[in-house]
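K.L.:
Need coordinates for the below:
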Amino acid sequence: MTGSGALSINGSASLVITNSGSNDFTGGLTVAGGGLFVGSGGTNGTVGNGAITNSSAITFNRSGTNVVNNNFWGTGIVTNLAGVLLLGGDNSQADMNLDVANSTVRAASPSALGKNVNTTTIESGATLDVNGQNLGAKSVTVSGNGVGGNGAIINTGPAQNSALQSIILTGNTRFGGTNRWDLRAGSVSSLSTGGNAFSISKVGTNQVSFVSITNIDSTLADIDIQQGTFALQNNTGQVGDPNRSIFVGANAALSFFNLSLNPLNKFIVVTNLGVIINESGTSVIIGPISINGKVTFGVTNSLTISNDNAFTAIGTVTNITKTGLGTLTLISNSLPSSTLIDIVAGTLNLNDSLSSNLTLSSTDSERQR
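P.N.:
Numbering: from 1, shown residues only. Take a look at the predicted model:
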């Protein structure tokens, strides 16, 4: 289909576009009734180059990457069933409901998901790739591990410190990607589980940060950092049920940034070679910590662990390595027996600690007892 004319779909019937040629008509596409199906599972089917006004339903079902740079208008439903749907138009006037199943939607513009009303739903087994975009206050409803188990929300584009402002979990959910993305407070700020005890897992080499998110559902369960870095910044602090755990896997990191107003009260379980970082500012942990093997505390400014719960150990020897030029302060904690402490840099302040049987070593550092 070519030319300057428009295509309109009315009534109750549906139109399926699966032709192998490139449809480059420019007059626009209107779906006022019935439905439009673009593709039938293969690589064929395109929607032309004009604006799309959708007050009914459009379903994309194409393998591979389907680039749709058209501007969307209207309140209709947009569904993707296969491959990667790349939305790159100006959709700021579209009140659309976007549903993604067993596939990926990749944002290529800040308004890719439409106006900040209605819903974007990432079904279990599907993925939202924020692709370096600041998607504003548009709320995203999500669950599952994502396509290939690589995350239901990911970022494969440039790092984006303001990717999302509101996430609603409808099940256990995995976050991932190759570059940093943040859930950051803006005109809205929330992480909701709908009152359910859903958990978060983190995979991929990137960093995922919760920044100034003080409205987190109190029933949020475990956070399992399997790979990369998961960060809590600027007084996000209270991350759900304090009786549930944050697990830090081998070579994975739990990071803090100025987390003092709302100290972290969740149980922290650190696997051998796990890392806890204070990136900047003063941060405070008041929940119990369990250590299995060697754990590194990297402190740039100040990290205080203050609780009446002793550190607990899994195994016979615990090795704490202190790096970074800042100060790690332990208050009212009892370290496990047979704890080896290696102060590589900065200061370890044990003046108010209940610990007594420690083996200390230092390299280019200051140590306090």
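
K.L.:
Convert stretch 272-280 to PDB, retaining C-alpha atoms only.
P.N.:
What follows is stretch 272-280, C-alpha atoms only, in PDB (Å, rounded to 0.1, in the frame of the first residue of the first chain):
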ATOM      1  CA  ASN A 272      31.000 -15.300  49.800                       C
ATOM      2  CA  LEU A 273      32.600 -12.500  47.600                       C
ATOM      3  CA  GLY A 274      29.500 -10.300  47.900                       C
ATOM      4  CA  VAL A 275      30.000  -6.600  48.200                       C
ATOM      5  CA  ILE A 276      28.300  -3.800  50.200                       C
ATOM      6  CA  ILE A 277      29.100  -0.300  49.000                       C
ATOM      7  CA  ASN A 278      28.400   3.200  50.400                       C
ATOM      8  CA  GLU A 279      28.800   5.300  47.200                       C
ATOM      9  CA  SER A 280      28.400   8.700  48.800                       C
END
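
K.L.:
contacting residues around it?
P.N.:
Around stretch 272-280, the neighbours that count as contacts under CB atoms under 8 Å, 6 or more residues apart in numbering are 229, 231, 233, 248-259, 268, 270, 292-303, 324, 326. Where you see a C-beta, it was placed from the backbone N, CA and C, and this is true even at glycine.

K.L.:
Specify the beta-bridge partners of residue 339.
P.N.:
Here residue 339 shows beta-bridge partners residue 318, residue 358, assigned using DSSP bridges.

K.L.:
what number of residues lie near it?
P.N.:
Residue 339 has 19 neighbours, counted by other CB atoms under 10 Å.

K.L.:
Repeat that for residue 338.
P.N.:
Applying other CB under 10 Å, I find that residue 338 has 14 neighbouring residues.

K.L.:
Next: residue 158.
P.N.:
Here the number of neighbours of residue 158 (other CB under 10 Å) works out to 11.

K.L.:
in the protein, which helix or strand is least confident?
P.N.:
Every helix and strand in the chain was compared by mean pLDDT, DSSP states H and E; the lowest is strand 366-368, with a mean of 46.

K.L.:
shaky segments in the chain?
P.N.:
309-310, 315-317, 337, 355-369 (pLDDT under 70).

K.L.:
Let's see that with 50 instead.
P.N.:
364-369 (pLDDT under 50).

K.L.:
what's across from the residue nearest the centre of it in the sheet?
P.N.:
In the chain, the centroid-proximal residue (CA atoms, centre = their mean) is residue 175; its distance is 4.5 Å. Beta-bridge pairing of residue 175 under DSSP bridges involves residue 153, residue 202.

K.L.:
So it versus residue 16, what's the distance?
P.N.:
Residue 175 sits 35 Å away from residue 16, going by CB to CB, to the nearest Å.

K.L.:
Same question for residue 111.
P.N.:
28 Å.

K.L.:
again with residue 3
P.N.:
For residue 3, the distance to residue 16 equals 21 Å [CB to CB].

K.L.:
quick one, which of these two is more surrounded?
P.N.:
Higher neighbour count among residue 3 and residue 16: residue 16, with 14 against 10, using other CB under 10 Å.

K.L.:
Touching, the more buried one and residue 34? I think so.
P.N.:
No: contact criterion CB atoms under 8 Å: residue 16 and residue 34 do not qualify, at 10.9 Å.

K.L.:
Touching, the residue nearest to the centre of the chain and residue 155? I think so.
P.N.:
No: Residue 175 lies out of contact with residue 155 (CB under 8 Å); the separation is 9.5 Å.

K.L.:
quick revisit: tell me, what's touching residue 16 and residue 34 both at once?
P.N.:
With CB under 8 Å, 6+ apart as the test, residue 16 and residue 34 reach no residue in common.

K.L.:
Buried subset of the contacts of stretch 272-280, written for ChimeraX?
P.N.:
Remark: buried members of the contacts of stretch 272-280, expressed as a ChimeraX selection using 16 or more other CB atoms under 10 Å:
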select :229,231,233,248,249,252,253,254,255,256,257,258,259,268,270,292,293,294,295,296,297,298,299,300,301,302,303,324,326
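
K.L.:
Take the contacts of stretch 272-280 and keep only those in strands.
P.N.:
229, 231, 233, 248, 253-257, 268, 270, 294-299, 302-303 (DSSP state E).
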